[in-house]
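Student: Let me see the structure of the following:
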Amino acid sequence: MAQADRPLSPHLQVYRWGAHMAVSIMHRATGSALAVGAVLLTWWLVALATGHEYFATVQGYAGTWIGRLVLFGITFALMQHLASGVRHLLMDMGRLYDLKVNALSARMTFIFSILATIAVWYAAYKVMGVL
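Tutor: The predicted model follows:
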């Protein structure tokens, strides 16, 4: 049997990059980020249960600019993963299969996650009395 001079499976040259591909990749990446966030949340809860001194140390790390950047990223990951999960749920129900609607829903997950992240952080700073 002669071997064909072609890829064994569809390759990157076959597909056009689209918002739906970006959402799929982001869903996997945000899932991994949320696993890291769960470890950090566990560390924070253990510090809370351990005592005031260790909790103050952990809060000190979280209060630095890099700590806040990590927390902001985890918040974005949560919102993006939520939006992508709802999108996939709707697709499992047989909706969003029209190409234009599918692309729009993919873009909307990014818009939602950005706006929701900003809203959560605004509300948190408002409650803390910083704003």
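Student: so where's the longest helix in this structure?
Tutor: helix 19-50 (DSSP state H).
Student: next SSE after that one?
Tutor: helix 52-63 (DSSP states H and E).
Student: check contacts around Ala62.
Tutor: 44, 68, 71 (Cβ atoms under 8 Å, 6 or more residues apart in numbering). Every C-beta, even on glycine, is put in place using the N, C-alpha and C of the backbone.
Student: Now the buried members of those residues.
Tutor: Leu71 (16 or more other Cβ atoms under 10 Å).
Student: and which of the contacts of Ala62 is nearest Val101?
Tutor: Using Cβ to Cβ, Leu71 is the member of those that lies nearest Val101, at 33.9 Å.
Student: give me phi/psi at that closest one?
Tutor: The phi/psi pair for Leu71 (degrees, to the nearest 10) reads phi -60, psi -40.
Student: now for the protein, which residue lies nearest the mean position of the chain?
Tutor: Nearest residue to the geometric centre of the chain (Cα atoms, centre = their mean): Ala77, 2.2 Å.
Student: Neighbours of Met21, how many?
Tutor: If you count neighbours by other Cβ atoms under 10 Å, Met21 ends up with 12.
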